[in-house]
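Asker: Give the three-dimensional model of this entry:
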Amino acid sequence: MKKIILMMSAVVVSCFMLAAHAETKMGYVDMQKAIQSTSTGKAAKKKLEGDFNKKKKELEKMEADLKKMTEDLEKKAMVLSDDVRSKKQAELQREMLKYQKIVSQSQLEIQKKERELTMPIIKKIRDIIQDVAKADGYTMILEKSEQSVLWAKKDADLTDKVIKAYEKKK
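Answerer: Numbering: from 1, shown residues only. Prediction:
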């Protein structure tokens, strides 16, 4: 029994030593840069910015109206009866809640639209990364972000290669 355990331990150690000697080739891709640098990503960004700016104008108008209502109420508060003042304050509060709800909905809509536009791009980029990894013999390719890749050699950055492959595959 001891011989079997000893032999198995030797086999396991040998496997680890062989794996350690095998070349480990690693790279990384900055997905944000890749998405934003592709022609499809640029078009998606332009569409999102257009939608965002349209919503922003609507919200700015609502905000200006609320500000005017607030200023009017403050100016007239002293001359209004308690009953009228309370009604105006309640109306202002309802409008503010309505505004906040619209702001939240707008943010969710923009995020949803962003996901809808970027998911096909991300899927295609991941397929290309897999092709590059197989073709060039990479053991692992990481996504570059502030928390994941703190430092790496410049030649480990595959982002530009992936972008070029993406554009060719269009």
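
Asker: List the residues that contact the residue nearest the centre of the chain.
Answerer: Centroid-nearest residue in the chain: Gln32, 7.7 Å away (criterion: Cα atoms, centre = their mean). Residues in contact with Gln32 (Cβ atoms under 8 Å, 6 or more residues apart in numbering) are Ser145. For glycine as for every other residue, the C-beta is placed from the backbone atoms N, C-alpha and C.

Asker: Give me the phi and psi for it.
Answerer: phi -60, psi -50 (degrees, to the nearest 10).

Asker: Could you tell me how far it is located from Ile163?
Answerer: The gap separating Gln32 from Ile163 is 12 Å, by Cβ to Cβ, to the nearest Å.

Asker: Show me what the lengthiest helix in the chain is packed against.
Answerer: For the chain, the longest helix by residue count, based on DSSP state H, is helix 82-136. Applying 3 or more Cβ pairs under 8 Å, 6 or more residues apart in numbering; DSSP states H and E, one finds that helix 82-136 contacts strand 26-29, helix 31-37, helix 39-76, strand 140-143, helix 159-169.

Asker: For burial, what's the neighbour tally of Leu158?
Answerer: With neighbours defined by other Cβ atoms under 10 Å, the count for Leu158 comes to 23.

Asker: isn't it right next to Met31, touching?
Answerer: No: checked against Cβ atoms under 8 Å, the pair Leu158 and Met31 is beyond contact range at 11.0 Å.

Asker: Alright, that wraps it up for me.
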